[in-house]
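Asks: Dropping the sequence and predicted coords here.
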Amino acid sequence: MPMHVHLHHALIDAAALRRALDPAIRLTIGPPLPSPPEYEILVAGRPTAEQLRASPALRRLVIPWAGLPAATHDILHDFPHLAVHNLHHNAVPTAEMAVALLLAAAKRLVPIDRRFRAGDWSDRYGQTPAVLLAGKTALILGYGAIGRRVAAACRGLGMHVLGVRRQPEAPADAVAAEIHGPEALPALLPRAHALIVCLPLTAETDGLIGAVELALLPPGALLVNVGRGPVVDEAALYAALREGRLAAAGSDVWYRYPESEAARASTLPATTPLHTLDNLVMSPHRAGMGGQAEIEALRVTALADLLNAAARGQPVPNRVEVARGY
């Protein structure tokens, strides 16, 4: 019998997905739900309880991005038998953004660019020092699909790389010189000239990097956040940047987001005046973006690989620990 997959996510190129799937997979697309609803795998970003309950054969939910939305997390309490999986197709562009923010922060490119556009050459003569990255240590907090790519780029820049992940055994493609569990973070922070946050937001990671942790970093360290804003305490980040204990930082993730389309043109991303600091590079949560066709092609490939593995009885990647939220 073909394995029945129901796709309930409009952004995915269904024609490209069909071409990439194993012939043993029957793909239906909705809404509406197929009749009869006998799908074994549901692909949906924010499924409803009705969609999860409709098929008695359902055994897997695939969320077609990284992370577990809060509403989905709550619904899944009523479906403990379901295996939940993510896609990590956006690891490539997110890692590239992390490296871009790291370099921009280290070289103070944004304020220098602004002054130079006004004809001010003073930075040419040593007004704004740059941070040399070669020979320094990068600490990757969240050594998963994104973190491993960031680590490889940092190695390419001549940096020594440390990694922190929930399960500290080294993955097959590890390039970090050392990989530790979260309990080692206090001992690792004093060694880190650049702290790069690639963590999801969960009950365990909310506020993980606060004033105490930032104070453990060497003076003049850099911080980059491409995980979720609240992993780094907002007030502590603002104080460390304003007082110069952090040389600079770059962030693609924030503490406040527009609540409507009309608010997109007038919503500051934090409650503190982070936007006034010259030593912070700011990006409006666009790390997972690239050429839209390129990103969707990556998504289709990642989804097809996951579904084909399930159809062939192989280990299905990117299992989410629902209780942990990631």
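Replies: That came through fine.
Asks: just so I have it, where are all the strands in this protein?
Replies: 3-7, 25-29, 41-43, 60-63, 83-86, 137-141, 160-164, 178-180, 194-197, 221-225, 246-251, 280-282 (DSSP state E).
Asks: which stretch among those comes nearest residue 125?
Replies: Evaluated over the strands of the chain, closeness to residue 125 peaks at strand 246-251, with 19.5 Å, by CB to CB. The C-beta positions use only the backbone N, C-alpha and C, and glycine is treated the same way.
Asks: list the helices and strands that closest one packs on?
Replies: If contacts are counted by 3 or more CB pairs under 8 Å, 6 or more residues apart in numbering; DSSP states H and E, strand 246-251 sits against helix 91-107, strand 221-225, helix 234-242, strand 280-282.
Asks: what's next to it, contact-wise?
Replies: 100-102, 104-106, 108, 131, 214, 217, 220-226, 229, 232, 237, 240-241, 279-283 (CB atoms under 8 Å, 6 or more residues apart in numbering).
Asks: Separate out the buried members of those residues.
Replies: 100-102, 104-106, 108, 131, 214, 217, 221-226, 229, 232, 237, 240-241, 279-283 (16 or more other CB atoms under 10 Å).
Asks: Now do the same contact list for residue 16.
Replies: 297, 300.
Asks: Flag the shaky bits of the stretch 151-300 of the chain, pLDDT-wise.
Replies: 170-173, 290-291 (pLDDT under 70).
Asks: ditto for the stretch 1-150 of the chain
Replies: Short version for the stretch 1-150 of the chain, where the test is pLDDT under 70: 11.
Asks: can you give me the helices in it?
Replies: Using DSSP state H, counting those that start in this stretch, the helices of the stretch 1-150 of the chain run over 14-20, 49-54, 70-76, 91-107, 109-117, 145-156.
Asks: Quick check: chain neighbours aside, which residue is closest to the residue most central in space within the chain?
Replies: Residue closest to the average C-alpha location in the chain (CA atoms, centre = their mean): residue 227, at 4.4 Å. Nearest non-adjacent residue to residue 227, counting by CB to CB, 6 or more residues apart in numbering: residue 199, 4.1 Å away.
Asks: can you pull the contacts of that neighbour?
Replies: 141, 142, 205, 208, 227, 228, 231.
Asks: Quickly note the distance from it to residue 144.
Replies: Distance of residue 199 to residue 144, computed by CB to CB, to the nearest Å: 9 Å.
Asks: what sits in contact with each of these two?
Replies: Counting by CB under 8 Å, 6+ apart, nothing touches both residue 199 and residue 144.
Asks: that older thread, just put the helices and strands packed on strand 246-251 in a markdown table and tack on distance to residue 184.
Replies: Converted to a markdown table, those look like this (distance: least, CB to CB, whole Å):
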| stretch | distance to residue 184 |
| --- | --- |
| helix 91-107 | 21 |
| strand 221-225 | 17 |
| helix 234-242 | 21 |
| strand 280-282 | 28 |
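Asks: I'd like to know which of these is closest to residue 77.
Replies: That would be helix 91-107 among the helices and strands packed on strand 246-251, by CB to CB, at 28.3 Å.
Asks: Contacts for that closest one next, please.
Replies: Counting by CB under 8 Å, 6+ apart, 66, 109-110, 130-133, 144-147, 149-150, 153-154, 194, 196, 198, 222-224, 226, 247-252, 279-281, 283, 286-290, 295, 298 sit against helix 91-107.
Asks: Now do that helix against strand 137-141, angle only.
Replies: Helix 91-107 runs at 140 degrees relative to strand 137-141, counting by axes from the mean of the first three to the mean of the last three CA atoms, to 10 degrees.
Asks: can you give me how far helix 91-107 is from the chain middle?
Replies: 12 Å (CA atoms, centre = their mean, to the nearest Å).
Asks: go on, stretch 139-154?
Replies: The answer for stretch 139-154 is 11 Å, by CA atoms, centre = their mean.
Asks: Mind checking the helices and strands packed on strand 246-251 for the one nearest to residue 307?
Replies: helix 91-107 (18.6 Å).
Asks: which residues sit in contact with residue 202?
Replies: 324, 325, 326.
Asks: ok, now how distant is the closest residue to it other than its chain neighbours from residue 77?
Replies: Counting by CB to CB, 6+ apart, the nearest residue to residue 202 once its immediate chain neighbours are dropped is residue 325, at 3.9 Å. Using CB to CB, residue 325 is found at 12 Å from residue 77.
Asks: And for residue 190?
Replies: In terms of CB to CB, residue 190 sits 40 Å off from residue 77.
Asks: one step back: which one of the helices and strands packed on strand 246-251 lies closest to residue 268?
Replies: Closest among the helices and strands packed on strand 246-251, using CB to CB: strand 280-282, at 10.3 Å.
Asks: so what's residue 315 up against?
Replies: residue 309.
Asks: what's the pLDDT at it?
Replies: For residue 315, the pLDDT comes out at 96.
Asks: List the buried residues in stretch 299-318.
Replies: 299-300, 302-308, 310-311, 316, 318.
Asks: Would you reformat these as JSON lines and include distance to residue 62?
Replies: Conversion of these to JSON lines gives the following (distance: CB to CB, whole Å):
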{"residue": "299", "distance to residue 62": "11"}
{"residue": "300", "distance to residue 62": "13"}
{"residue": "302", "distance to residue 62": "10"}
{"residue": "303", "distance to residue 62": "7"}
{"residue": "304", "distance to residue 62": "11"}
{"residue": "305", "distance to residue 62": "11"}
{"residue": "306", "distance to residue 62": "6"}
{"residue": "307", "distance to residue 62": "8"}
{"residue": "308", "distance to residue 62": "12"}
{"residue": "310", "distance to residue 62": "9"}
{"residue": "311", "distance to residue 62": "13"}
{"residue": "316", "distance to residue 62": "9"}
{"residue": "318", "distance to residue 62": "9"}
